[in-house]
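# Fold the following and give me the result.
(one chain, ligands or ions: 1)
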Amino acid sequence: MLATLHARARDSMSADPILGDRIAEDLVARIDYDFGRFRMHRGWTTGVAIRARQLDTWAAEFIGRDPAVSVLHLGCGLDSRVVRLDPPSAVRWYDVDYPDVIAVRRRLYPDRENYRMIGTSVTDVRWLEQIPSDRPVLVVAEGLLMYLSEEGVENLVGGIVGRFPSGQLMFDAVGRLAIRLQRFNHPIRAAGATFTWALDDPRDLERWDPRIRLVTQLTAPDLPGLERLPAGYRLMIRALRLVPALARAGRLLRYEFSRPPGGTGRDEGGSAR
Ligand SMILES: C[S@@+](CC[C@H](N)C(=O)[O-])C[C@H]1O[C@@H](n2cnc3c(N)ncnc32)[C@H](O)[C@@H]1O
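Numbers count the residues shown, from 1 in each chain. Predicted coordinates for the structure are as follows:
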């Protein structure tokens, strides 16, 4: 989470920011940590900023249609999404991460109306019982699911789809190739993190649970904003189109789900564990 925070701060400090996250910049200045160890390069900074901006756009679309929703921002780390989007107070927003991360977050972010931080592992799905199940839900998981086991992701997705009447899930996922190539991803290595869950076929989630439908998938070359990369990176990304396995190494995905008419939700009919 410190690597992605640092990337957003670097974007904000640049002459022509993509996300312009001033809070990330402020937090990096306040946190006593050797951020230089990530050896952040322009490709990473731009990639993180583009990913965050796209998820912000999708989240704002969802909330903009009807603010009477709950937002579960999973693996929130120190990300300022709730401040960037500044949702109306009708939105119930939950920032969720491990307890030690939430303890740090509480020291850095003030309270807001209808805003809660929950310290838990997301895969221990009992935490979902704290969220009222009467509203549609938006789930945003940025830079999270690739660090979980497949069983953990299936449990989490099954728990969410079983509990809420309808909603959207939006997240980034890596393919198996990215897992094989992760030793070349310096910031991930420097953070001591390991990719474990790969999603090569986004339709797998539809097979886990028939209530889920894939709405949008963007591979790296499709992402709006790539023209902001230096020429060398742009060329590399364009070349990705020629090698489908590489293009699929990272994706941004948006799904929706809804309960069948007359259904009560709670895990009937679905195959998700
Ligand atoms: C790469 S960071 C991304 C943080 C944030 N989304 C961002 O973009 O800056 C991954 C985050 O997921 C959290 N995380 C990883 N596994 C988790 C789990 N099982 N339960 C809750 N949080 C988890 C980490 O603590 C970390 O904050």
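# And the strands in the chain, which stretches?
Listed in chain order, the strands found in the chain under DSSP state E are 70-74, 92-97, 115-119, 137-141, 166-174, 212-219, 250-258.
# Only alpha carbons, please: show the second one as CSV.
Written as CSV, here are the backbone C-alpha positions of strand 92-97 (Å, rounded to 0.1, in the frame of the first residue of the first chain):
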residue,chain,number,x,y,z
ARG,A,92,-22.7,4.4,3.2
TRP,A,93,-19.0,4.0,2.6
TYR,A,94,-16.8,1.3,4.3
ASP,A,95,-13.0,1.3,3.9
VAL,A,96,-11.8,-2.2,4.7
ASP,A,97,-8.3,-3.6,5.3
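# of all the strands of the chain, which lies closest to Ala59?
Distance to Ala59, taken as CB to CB, is lowest for strand 137-141 among the strands of the chain, at 5.6 Å. In short, each C-beta sits where N, CA and C put it, glycine included.
# so what secondary structure elements neighbour the closest one?
Applying 3 or more CB pairs under 8 Å, 6 or more residues apart in numbering; DSSP states H and E, one finds that strand 137-141 makes contact with helix 42-65, strand 70-74, helix 150-163, strand 166-174.
# Could you export the ones you listed as a markdown table, including mean pLDDT and mean neighbour count?
Compiled in a markdown table, the helices and strands packed on strand 137-141 are given as follows (pLDDT from 0 to 100; neighbours: other CB atoms under 10 Å):
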| stretch | mean pLDDT | mean neighbour count |
| --- | --- | --- |
| helix 42-65 | 94 | 19 |
| strand 70-74 | 98 | 23 |
| helix 150-163 | 97 | 20 |
| strand 166-174 | 97 | 22 |
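# Which of the strands of the chain sits closest to Phe35?
If you check each of the strands of the chain against Phe35 by CB to CB, strand 92-97 wins as the nearest, at 19.3 Å.
# Show me what the worst-scoring helix or strand of the chain on mean pLDDT is packed up against.
Taking mean pLDDT, DSSP states H and E as the measure, the chain has helix 244-247 as its least confident helix or strand, at a mean of 71. When contacts are defined as 3+ CB pairs under 8 Å, 6+ apart, helix 244-247 packs onto no helix or strand at all.
# Just give me how far that helix sits from the chain centre.
Here helix 244-247 is found 21 Å from its chain centre; the criterion is CA atoms, centre = their mean, to the nearest Å.
# Can you show me the CA trace of stretch 243-261 as CSV?
Included here for stretch 243-261 are C-alpha records, laid out as CSV according to Å, rounded to 0.1, in the frame of the first residue of the first chain:
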residue,chain,number,x,y,z
VAL,A,243,0.9,-10.9,-27.8
PRO,A,244,-2.5,-11.6,-26.3
ALA,A,245,-1.1,-13.4,-23.3
LEU,A,246,0.9,-10.2,-22.4
ALA,A,247,-2.1,-7.9,-23.1
ARG,A,248,-4.1,-10.0,-20.7
ALA,A,249,-1.4,-9.9,-18.0
GLY,A,250,-3.4,-7.1,-16.3
ARG,A,251,-7.0,-6.2,-16.6
LEU,A,252,-9.6,-3.8,-15.1
LEU,A,253,-12.9,-5.6,-14.7
ARG,A,254,-16.4,-4.6,-13.9
TYR,A,255,-19.2,-7.0,-13.1
GLU,A,256,-22.8,-6.7,-12.0
PHE,A,257,-25.0,-9.0,-10.1
SER,A,258,-28.6,-9.2,-9.1
ARG,A,259,-30.9,-11.5,-7.3
PRO,A,260,-33.3,-13.5,-9.4
PRO,A,261,-37.0,-12.3,-9.1
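# Mind listing what's buried along it?
Within stretch 243-261, the residues that count as buried by 16 or more other CB atoms under 10 Å are 246-259.
# Which phi and psi values does Asp209 adopt?
phi -150, psi 120 (degrees, to the nearest 10).
# Local confidence estimate at it?
Confidence at Asp209, expressed as pLDDT, is 95.
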